[in-house]
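Q: here is my input; please provide its structure:
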Amino acid sequence: MTTLWFDCETRSECDLKAHGTHRYAEHQSTRIIVAQWAIDDGEPVVQDMTTERYYRPELAAALDDPTVTVVAHNSMFDRALLRHCWGLDVPTARWSDTMVKAMSHSLPGGLDKLSTIFGLGEDQAKDKRGKDLIRLFCLPKKDKQGALYFNDATSHPDEWQDFLEYSRQDIIAMRTIDKKLPKWNFEAGSSELVLWHLDQTINDRGFAVDLELANSAIEAVKEETARLKEEIHTATNGEVSSASKRDELLAYVLKEHGVTLPDMAADTLRRRLEDPNLPEAVKTLISIRLEATKTSTAKYKAVVNCASQDGRMRNTLQFAGALRTQRWAGRTFQPQNMPRPDMKQPEIDTGIAALKVGCASMVFPNVMQLTANTVRGCIVAPPGKKLVIADLSNIEGRGLAWLAGEDWKIKAFADFDQGRGHDLYKLAYARSFGVAPDTVDSSMRQIGKVQELGLGYEGGVAAFLTFAAVYRMDLTVLAKAVLATVDQTAYADALRVHEWAAKNDRTLGLPKDTYVACEILKAAWRAAHPATASFWKDVGATVRQAIDSPDTTFNCRQVATRRTGGWLRIRLPSGRQLCYLKPAVDDGQITYFGVNQYTRKWERLKTYGGKLVENIVQAWARDVLASSMQPVEDAGYKIVLTVHDEILTECPDDPAYTAEALGKMMATAPKWAEGCPLAAAGFETTRYRKG
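A: Numbering: from 1, shown residues only. As a prediction, the model looks like this:
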């Protein structure tokens, strides 16, 4: 099969970073200024489109030939530019993408980073001077009168020749890297490549947005920010200029009131507001800070800046963007990390109406809170359409139980789905403390929920605290409730753990009773889940075996582990592989090379059994969701977005399209997940909301 390696350089008065690929591509000033390509292993061709009016016949023939595979790096950009600048709509199914191929194997997407990782020589690596050349020729400049212009070969002849060579080098780097990349998860005919083609269709389709709401929210936030700035300025006698000035506020509170705040994190501030000994003046300042910083202005601006001319946002999903599991990640609008609503839906609906008529501050005391809650509402159905949405229910909990072989829990999920079983959060608490599920009240259920969400991946007290903060649990009340009912053996065991934590400065700053209570809850959950706890250990042990014994497969329940060359692979039930580069065991600690999610640097990372199980379960959940997407499309439910375990579809406003039908398709287990009970529920709407 013939391969066309393709890339292009562009210029535009439109800011690509601010406006996104599709808005950039359709801007009237956008031009392809250099086209570069190669056929198979042939010599790269670089065409200066500022001096040649038409792209060359050999390129036209390759782009038009249905038997030619077109390969690009970040091909979404190239496809959009070809469509809008040259009027060429090369079918998605003919494309492949070296960036996505890299990310599908847990490697970073940038050509420069990949060149470094694979140790390419200067003749093969991406030209590191490229960023300077792009700034020189692709970004507009202003003359003394403020008019925009572009540098070119006339103004900078030597640099332009360097730019053409940089373009040529990009093709060489892309082609060389493609040959070095693994193919396990992304090759011709693979299910992942087919899924990526569907992903590109979804990204091209985009979703309709309410620009009126977005603009109204931006204006409301602007006005409220000015009001809060004046309020905190007055409350501090001018010493703090804005609620966003963290250091100024911390210093003022300490100087004027003798109160030390460890940080300005929202969870910290909310806890301090509950302190009866805190001066009212400090509570006022904290309240202003919390209000001022709770906003989603960036998302509203993304809607306004990046919506295409037809009122739809595109390219908001990155395939395999979560490098460890290959889950989708958000781009531009970042739909994967929208704020958790803390208002009821009727209030949110009223708030949307109030924002759009410009009177939100007259109806709601906290405009910042309101705009954080209304951001989902920017996603809408166009006239004559409706959004049909469904979400896989507790898919990670189900997947963990099925993969670990926690038989009682698999049965519990199946019974609950059939209406004859107990709520799983109630059941988690009941099994932890040996009580009847019918006796579990709402506060106990909340504890069970935090146990389920926080402890499934070998998490300890710190993990429990993370989710307790999300659900705003009062830890003092929690400690009293747990210690009042726990048996003495469990209490003594938890005390010993606390003693060790105290000696090693690992108590997380918690009072003794709170730490002990959280430790009791952790230990109780693990005792109630013996198969899950052993799964963590078995996966860790199997991975160590594989690292020490290359080219040998080690099975662990539903997954298999193997080291091949410099790669550790964990084969999922779907057949997809989780990939870990250059694995090692150092003093019993499993390590590998990857992107640090905090520093974004490529470095050696540590992992352990529970963390590996988290990767496996989340990847499995992603595969379950993905397995339903083509059937959903084939049934006429046009997918416009996925958000975690949720699918949003745009359908005709016809009763034939229902959330029940969508949920049934999503809850149909693929053959490789037979025996795992799945469930999905959803709703129909014209404006997106939390289900």
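
Q: and the helix or strand of the chain with the lowest mean pLDDT, what other elements does it pack with?
A: None of the helices or strands of the chain scores lower by mean pLDDT, DSSP states H and E than helix 266-273, at a mean of 78. Packing contacts for helix 266-273, counted by 3 or more C-beta pairs under 8 Å, 6 or more residues apart in numbering; DSSP states H and E, involve helix 280-293. Quick note: C-beta positions are derived from backbone N, CA and C, even for glycine.

Q: quick one, the least confident helix or strand of the chain and helix 280-293 angle?
A: Here helix 266-273 runs at an angle of 150 degrees relative to helix 280-293 (axes from the mean of the first three to the mean of the last three C-alpha atoms, to 10 degrees).

Q: the helices in the stretch 501-650 of the chain, which residues?
A: 512-528, 530-548, 609-634 (DSSP state H, counting those that start in this stretch).

Q: quick one: which of these is nearest Pro335?
A: Proximity to Pro335, assessed across the helices of the stretch 501-650 of the chain by C-beta to C-beta, is greatest for helix 609-634 (14.6 Å).

Q: what mean pLDDT does the closest one have?
A: Per-residue pLDDT over helix 609-634 has a mean of 98.

Q: okay, the angle between it and helix 530-548?
A: Counting by the same axes, to 10 degrees, helix 609-634 points 100 degrees away from the direction of helix 530-548.

Q: how about stretch 530-538: buried residues?
A: Ala531, Thr532, Ala533, Phe535, Trp536, Asp538 (16 or more other C-beta atoms under 10 Å).

Q: and the residues you listed as TSV, adding pLDDT?
A: Formatted as TSV, the buried residues of stretch 530-538 follow (pLDDT from 0 to 100):
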residue	pLDDT
Ala531	98
Thr532	98
Ala533	98
Phe535	98
Trp536	98
Asp538	98
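
Q: where along the stretch 551-691 of the chain do the strands fall?
A: All strands of the stretch 551-691 of the chain, identified by DSSP state E, counting those that start in this stretch, fall at 554-556, 559-564, 567-571, 577-586, 589-595, 602-607, 638-643, 646-652, 680-685.

Q: would CSV of the ones you listed with distance to Asp162 be doable?
A: Converted to CSV, those look like this (distance: least, C-beta to C-beta, whole Å):
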stretch, distance to Asp162
strand 554-556, 51
strand 559-564, 40
strand 567-571, 36
strand 577-586, 33
strand 589-595, 30
strand 602-607, 27
strand 638-643, 41
strand 646-652, 46
strand 680-685, 53
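
Q: so which of those comes closest to Leu111?
A: strand 602-607 (13.6 Å).

Q: can you tell me the strand partners of that closest one and which way each runs?
A: Here strand 602-607 is paired, per DSSP bridges, with strand 589-595 (antiparallel).

Q: rewinding a little: out of the strands of the stretch 551-691 of the chain, the one nearest Phe416 is which?
A: Closest among these, using C-beta to C-beta: strand 680-685, at 12.4 Å.

Q: what's the spacing between that closest one and its chain's center?
A: 22 Å (C-alpha atoms, centre = their mean, to the nearest Å).

Q: rewinding a little: just the buried residues of stretch 530-538 now: which is nearest Asp342?
A: Scanning the buried residues of stretch 530-538 for proximity to Asp342, where the rule is C-beta to C-beta, the winner is Thr532, at 31.2 Å.

Q: so the closest one sits right up against Leu403, yeah?
A: No - in terms of C-beta atoms under 8 Å, Thr532 does not count as a neighbour of Leu403; the distance is 9.1 Å.

Q: circling back to that earlier point, which other residues reach the least confident helix or strand of the chain?
A: With contact meaning C-beta atoms under 8 Å, 6 or more residues apart in numbering, helix 266-273 is reached by 261-262, 278, 282-283, 286-287, 289-290, 293-294, 469, 472.

Q: let's see 10 Å
A: 259, 261-263, 265, 278, 282-283, 285-287, 289-290, 293-294, 465-466, 468-470, 472, 474-476 (C-beta atoms under 10 Å, 6 or more residues apart in numbering).

Q: how about the most far-flung residue of the chain relative to its centre, what does it touch?
A: Most distant from the centre of the chain: Thr154, at 44.1 Å, with distances by C-alpha atoms, centre = their mean. Shown in contact with Thr154 (C-beta under 10 Å, 6+ apart): Thr50, Trp160.

Q: so it, which state does it fall into?
A: With DSSP: H, G, I helix; E, B strand; the rest coil as the basis, Thr154 sits in coil.

Q: okay, it: pLDDT?
A: Model confidence at Thr154 (pLDDT) stands at 95.

Q: for Ala673, see how far away it is.
A: 62 Å (C-beta to C-beta, to the nearest Å).

Q: please, where are all the helices along the stretch 1-150 of the chain?
A: 16-26, 57-64, 75-85, 98-103, 111-117, 130-138.

Q: deepest-packed of the ones you listed, please.
A: helix 98-103 (a mean of 25; mean count of other C-beta atoms under 10 Å).

Q: what residue ranges in this protein score low on pLDDT?
A: 122-127, 295 (pLDDT under 70).

Q: kindly provide the distance from the nearest residue to Asp143 once chain neighbours are set aside to Ser155.
A: Leaving out its chain neighbours, the residue that sits closest to Asp143 by C-beta to C-beta, 6 or more residues apart in numbering is Tyr149, at 6.0 Å. Counting by C-beta to C-beta, the separation of Tyr149 from Ser155 is 9 Å.

Q: pull up the overlap in contacts between these two.
A: Between them, Tyr149 and Ser155 share the contacting residues Lys141, judged by C-beta under 10 Å, 6+ apart.

Q: neighbour count winner among those two?
A: Ser155 (13 against 10; other C-beta atoms under 10 Å).

Q: find the centremost residue of this protein, please.
A: Ala329 (3.6 Å).

Q: sorry, back to before: now, among the buried residues of stretch 530-538, which is nearest to Asp645?
A: Thr532 (19.7 Å).

Q: look up how far Gly575 lies from the closest residue to the closest one other than its chain neighbours.
A: Leaving aside its sequence neighbours, Thr532 sits nearest to Ala404 (C-beta to C-beta, 6+ apart; 4.5 Å). Distance of Ala404 to Gly575, computed by C-beta to C-beta: 20 Å.

Q: likewise for Glu192?
A: From Glu192 over to Gly575 (counting by C-beta to C-beta), the distance is 10 Å.

Q: quick check: neighbours shared by these two?
A: Counting by C-beta under 10 Å, 6+ apart, the shared contacts of Glu192 and Gly575 are Trp184, Asn185, Asp623.

Q: Arg324 against Tyr580, yeah?
A: Yes - under the criterion of C-beta atoms under 10 Å, Arg324 makes contact with Tyr580 at 8.8 Å.

Q: shared neighbours of those two, anything?
A: Listed as contacting both Arg324 and Tyr580 by C-beta under 10 Å, 6+ apart are Ser106, Gly594, Leu605, Thr607, Leu612, Asn615.

Q: if we can go back for a sec, so the residue nearest to Thr532 makes contact with Glu458?
A: No - taking contacts as C-beta under 10 Å, Ala404 lies outside contact range of Glu458: 11.7 Å.

Q: beta-bridge partners for Arg11, please?
A: Beta-bridge partners, per DSSP bridges, of Arg11: Arg31.

Q: Arg324 and Tyr580: which is more packed in?
A: Legend: neighbour count by other C-beta under 10 Å for Arg324 and Tyr580, higher for Tyr580 (29 against 21).
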